[in-house]
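> what follows is a predicted structure for the sequence shown.
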Amino acid sequence: MPTKILKKDESSAPKTLLDEAIKGCVRVGVVGCGYWGPNLIRNFHGLADATVASICDLEESRLRSFSRKFPGVRLTAKYQDILNDPAIDAVVIATPISTHYVLASRALKAGKHVLVEKPLTATVREGTQLVKLARAAKKILMVGHTFEYNPAVLKIAELLKSGQMGELFYIDSVRVNLGLYQSDGLNVIWDLAPHDISIILRWVGKSPQYVSAWGQSFIRKNVEDVAFIRLEFQGGVVAHMHVSWLAPAKMRRMAIVCNKRMAIYDDLENVEKIKIADQGAHIDFDSPKTKVAYRLGDIVSPRLDVDEPLARECGHFIDCILRNRKPDTDGVKGLQVVRVLEAVSKSLKRGGARVSF
């Protein structure tokens with residue numbers, strides 16, 4: 001059956017062979033076919049208990065490119081077509097941040113489950129409203145913090161929770177590359193920092209008490225392309241993040257320092273993404289002259305699952321719909337990240353002033 005772009009009056013067209021083929025599956029409508037949308041479409045298409053029933057984008061040229069890859073999927077340039085379709089159970093939003101609130105709120109009001117790409121919204125006020133709407137509608141609201149489904153991130157969370165790493169001291173992260181500048185005018189903090197913030201909040205298990213940030217705009221006026229962020233947690237744990245669109249090499253690296261062990265997580269490593277070092281420093285009170293003693297033990301790399309984090313995320317979303325479960329990255333956790341981002345933005349505007357969270 002040839003794929004076509006739906007016109008205004010075709011959203012309630014008679015059932016087709018596609019409708020019969022997807023009977024019993026969660027029917028998904030994907031909105032946005034730019035940078036990340038095609039990856040979401042590919043992963044949802046590969047799930048046994050879900051199907052991509054409709055794809056929406058304002059640019060018809062993008063839509064037509066999917067007609068060859070996914071014959072039979074309904075294509076539309078009108079978002080309302082997806083909302084009006086009673087056969088679509090869930091809406092996946094991969095559009096610019098500024099559109100997240102409007103698109104997600106309309107989907108929830110239309111009775112659809114929603115997966116929205118990170119960050120959840122552009123403001124805390126919008127995010128709070130979405131969480132309330134999802135609760136009122138009794139629908140799943142999930143945020144695409146993909147790194148929280150990364151086997152390496154999950155392994156480190158497991159090691160920290162088990163106590164094998166000891167007491168957490170600090171986390172240092174670097175997420176830099178050359179580009180990509182965002183078309184909506186948002187700075188590098190709102191583009192890159194949500195990844196590391198979501199990871200750090202998962203590892204620490206709570207929100208920070210204070211945040212501070214410094215940044216600079218080198219290419220575009222008033223659009224910071226490099227920033228340094230500090231999160232301070234109750235109990236003394238600190239986290240430092242360096243994000244940049246202006247770097248000579250791409251880096252995705254995090255150091256986790258505890259009193260028993262230390263770890264390096266490098267997402268660009270193909271094999272040994274995590275290295276656990278049995279190393280540390282402590283005060284030697286038995287020494288005649290009290291001094292710092294060092295422990296230099298083995299460095300090991302734990303075995304990790306090789307499945308794609310985005311595939312895990314998409315599968316988890318569908319599972320939560322089918323089982324009526326709360327997602328690991330639900331709207332509340334997505335809102336927590338937006339709260340940090342908003343506080344960081346305040347500090348940035350105040351020249352690095354410490355902001356109470």
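It's in. For clarity, every value in this text was computed on a predicted model and none was experimentally measured. Numbers count the residues shown, from 1 in each chain.
> so the chain: which segments form each domain?
Following automatic domain parsing, the chain resolves into domains at 5-145+311-330, 148-307+338-356.
> where among those is the average confidence lowest?
Of all the domains of the chain, domain 5-145+311-330 carries the lowest average pLDDT, namely a mean of 89.
> gap between it and the chain center?
Distance of domain 5-145+311-330 from the chain centroid (CA atoms, centre = their mean, to the nearest Å) equals 16 Å.
> same question, stretch 154-169
Centroid separation for stretch 154-169 versus its chain: 21 Å, with CA atoms, centre = their mean.
> which element is residue 111 on?
Of the helices and strands defined by DSSP states H and E, none includes residue 111.
> give me the number of residues near it?
By other CB atoms under 10 Å, 13 other residues sit near residue 111. Every C-beta, even on glycine, is put in place using the N, C-alpha and C of the backbone.
> tell me the phi and psi of it?
phi 80, psi 20 (degrees, to the nearest 10).
> right, and it touches residue 138 too?
No - between residue 111 and residue 138 there is no contact under CB atoms under 8 Å: 9.4 Å.
> show me what contacts residue 232?
Residue 232 sits next to 208-211, 238 when contact means CB atoms under 8 Å, 6 or more residues apart in numbering.
> what lines up beside the host helix or strand of residue 114 in the sheet?
Element membership for residue 114 (DSSP H and E) is strand 113-117. Strand pairing for strand 113-117, using DSSP bridges, gives strand 90-93 (parallel), strand 141-144 (parallel).
> any idea which residue sits dead centre in the chain?
Closest to where the C-alpha atoms of the chain average out (CA atoms, centre = their mean) is residue 145, at 1.8 Å.
> my read: that one touches residue 335, true?
No - under the criterion of CB under 8 Å, residue 145 makes no contact with residue 335, lying 11.7 Å away.
> picking up where we left off before, most tightly surrounded among the domains of the chain?
Mean neighbour count (mean count of other CB atoms under 10 Å) peaks for domain 5-145+311-330 among the domains of the chain, with a mean of 19.
> do you have the strands of the stretch 251-357 of the chain handy? List them.
Ranges of strands within the stretch 251-357 of the chain are 251-258, 262-266, 274-284, 291-300, 355-356, based on DSSP state E, counting those that start in this stretch.
> residue 150 is nearest to which of these?
strand 262-266 (9.0 Å; CB to CB).
> what lies in contact with the closest one?
152-153, 156, 159, 165, 252-256, 272-277, 279-280.
> quick one: the longest helix seen in the chain to chain centroid distance?
Ranked by residue count under DSSP state H, the longest helix found in the chain is helix 331-349. Centroid separation for helix 331-349 versus its chain: 14 Å, with CA atoms, centre = their mean.
> what sits up against it?
Residues external to helix 331-349 that are found in contact with it (CB under 8 Å, 6+ apart): 116, 118-124, 127-128, 130-131, 134, 141-143, 145, 189-190, 193-194, 197-198, 201, 207-208, 211-215, 224, 227, 229, 231, 353-355, 357.
> ok, now with 6 Å
119-121, 124, 127, 130-131, 134, 141, 143, 189, 194, 197-198, 211-213, 215, 229, 353, 355, 357 (CB atoms under 6 Å, 6 or more residues apart in numbering).
> before we move on, what about stretch 270-284?
Contacts for stretch 270-284 (CB under 6 Å, 6+ apart): 152, 261-265, 291-302.
> hang on, the earlier thing: what sits against the residue nearest to the centre of the chain?
Residue 145 makes contacts with 118, 198, 329, as judged by CB under 6 Å, 6+ apart.
> if we go to 8 Å?
118, 194-195, 198, 329, 333-334, 337.
> so where do the strands sit in the stretch 101-250 of the chain?
Under DSSP E, counting those that start in this stretch, the stretch 101-250 of the chain gives strands at 113-117, 141-144, 168-176, 210-216, 226-232, 238-244.
> ok, now which ones touch the closest residue to residue 97 other than its chain neighbours?
The shortest distance from residue 97 to any non-neighbouring residue, by CB to CB, 6 or more residues apart in numbering, is to residue 122 (5.1 Å). Residues in contact with residue 122 (CB under 8 Å, 6+ apart) are 97-98, 100-101, 186, 190, 338.
> how about the helices in the stretch 51-200 of the chain?
For the stretch 51-200 of the chain, applying DSSP state H, counting those that start in this stretch gives helices covering 60-69, 79-84, 97-109, 124-137, 151-162, 188-204.
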